[in-house]
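Asks: Curious how this folds, go ahead:
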Amino acid sequence: MNDAVSITRDLVRCPSVTPADAGALGVLENLLKTAGFEVHRVTFSEPGTADVDNLYARIGSSAPHITFAGHTDVVPPGDEAAWTLGAFSGEVKDGYLYGRGAVDMKGGIACSVAAVLQYLSEHGGKAQENGSGSISFLITGDEEDVSINGTVKLLKWCAERGEKFDHCVLGEPSNVEVLGDMIKVGRRGSQSGTLIVDGVQG
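Replies: Take a look at the predicted model:
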């Protein structure tokens, strides 16, 4: 099945704690190759850091080009015995899918992939009915930790290949009061820092 729930379950069941891929990118690679995407797996290295696997997949060869970006790595689950349902079970109970990364951000990636696969099936496998346009996925396994061998290097790799993006959709979770109540357009900047908190994982 290529619906968002099934894809999310398959991704959650991969214990892809940074920098381990644990098969998560393979799930996406298989789905996208079957749909006609040209898929590249790219591993980046940096002294003092673990090698990290990344994925870039594209269908179509012309503009406009929309890319869906995201990450399949997750933070550690903590004490797995403390989970009511397994941290990597991908179990659905009472209408909720449980597991580390279900929200941040395997669910977002799954929704993007499911939507694109449905769109392609309804449009003859093309990004646009007239045959123009491109759709791609830019997925890293290095977002939750040091973020050295991930998106920045993958974007540079894409640029060196002549890839140009007109639009980007990032399915990171964000809300104010109710799940899904906010869409953010662009980004006006960022600030980084280090915060050390003593306590238990929440």
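Asks: Spell out which helix or strand contains the closest residue to Ala87 other than its chain neighbours, please.
Replies: Distances taken as Cβ to Cβ, 6 or more residues apart in numbering put Pro77 closest to Ala87, at 3.6 Å, once the chain neighbours are dropped. For the C-beta atoms, the positions are set from N, CA and C on the backbone; glycine is no exception. Using DSSP states H and E, Pro77 falls within no helix or strand.
Asks: quick one: Pro77 and Leu85 touch, right?
Replies: No - using Cβ atoms under 8 Å, Pro77 is not in contact with Leu85; the gap is 11.4 Å.
Asks: who's more crowded, the two?
Replies: Legend: neighbour count by other Cβ atoms under 10 Å for Pro77 and Leu85, higher for Pro77 (17 against 14).
Asks: got the buried residues for the helix or strand of the chain with the lowest mean pLDDT?
Replies: Lowest on mean pLDDT, DSSP states H and E among the helices and strands of the chain sits strand 167-170, with a mean of 92. By 16 or more other Cβ atoms under 10 Å, the buried positions in strand 167-170 come out as Leu170.
Asks: How far away from the center of its chain is the helix or strand where Ala115 lies?
Replies: Assessed by DSSP H and E, Ala115 sits inside helix 107-122. Taking Cα atoms, centre = their mean, to the nearest Å, one finds helix 107-122 lying 12 Å from the centre of the chain it belongs to.
Asks: Give me the contact list for it.
Replies: 2-5, 7-8, 11, 28, 31-32, 35-36, 59, 68, 70, 72, 97, 101, 126-127, 135, 137, 139, 169-173 (Cβ atoms under 8 Å, 6 or more residues apart in numbering).
Asks: In helices, which of these appear?
Replies: Residues of those located in helices (DSSP state H): Ala4, Val5, Ile7, Thr8, Leu11, Leu28, Leu31, Leu32.
Asks: didn't the third one look like it was pressed against Leu32?
Replies: No - contact criterion Cβ under 8 Å: Ile7 and Leu32 do not qualify, at 11.0 Å.
Asks: Strands along this structure, start to end?
Replies: Applying DSSP state E to the chain gives strands spanning 38-44, 52-59, 65-71, 92-93, 96-97, 134-140, 167-170.
Asks: and the angle from the longest one to helix 107-122?
Replies: Read it as strand 52-59. 20 degrees (axes from the mean of the first three to the mean of the last three Cα atoms, to 10 degrees).
Asks: how big is the angle separating strand 52-59 from strand 134-140?
Replies: Using the same axes, to 10 degrees: strand 52-59 against strand 134-140 is 170 degrees.
Asks: Pull out the C-alpha coordinates of strand 52-59 and format them as PDB.
Replies: C-alpha atoms of strand 52-59 as PDB (Å, rounded to 0.1, in the frame of the first residue of the first chain):
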ATOM      1  CA  VAL A  52      25.600   9.600   6.900                       C
ATOM      2  CA  ASP A  53      23.400   8.300   4.100                       C
ATOM      3  CA  ASN A  54      21.200  10.700   2.100                       C
ATOM      4  CA  LEU A  55      18.700  10.400  -0.700                       C
ATOM      5  CA  TYR A  56      17.900  12.500  -3.700                       C
ATOM      6  CA  ALA A  57      15.200  11.400  -6.200                       C
ATOM      7  CA  ARG A  58      13.700  13.200  -9.200                       C
ATOM      8  CA  ILE A  59      11.200  12.600 -11.800                       C
END
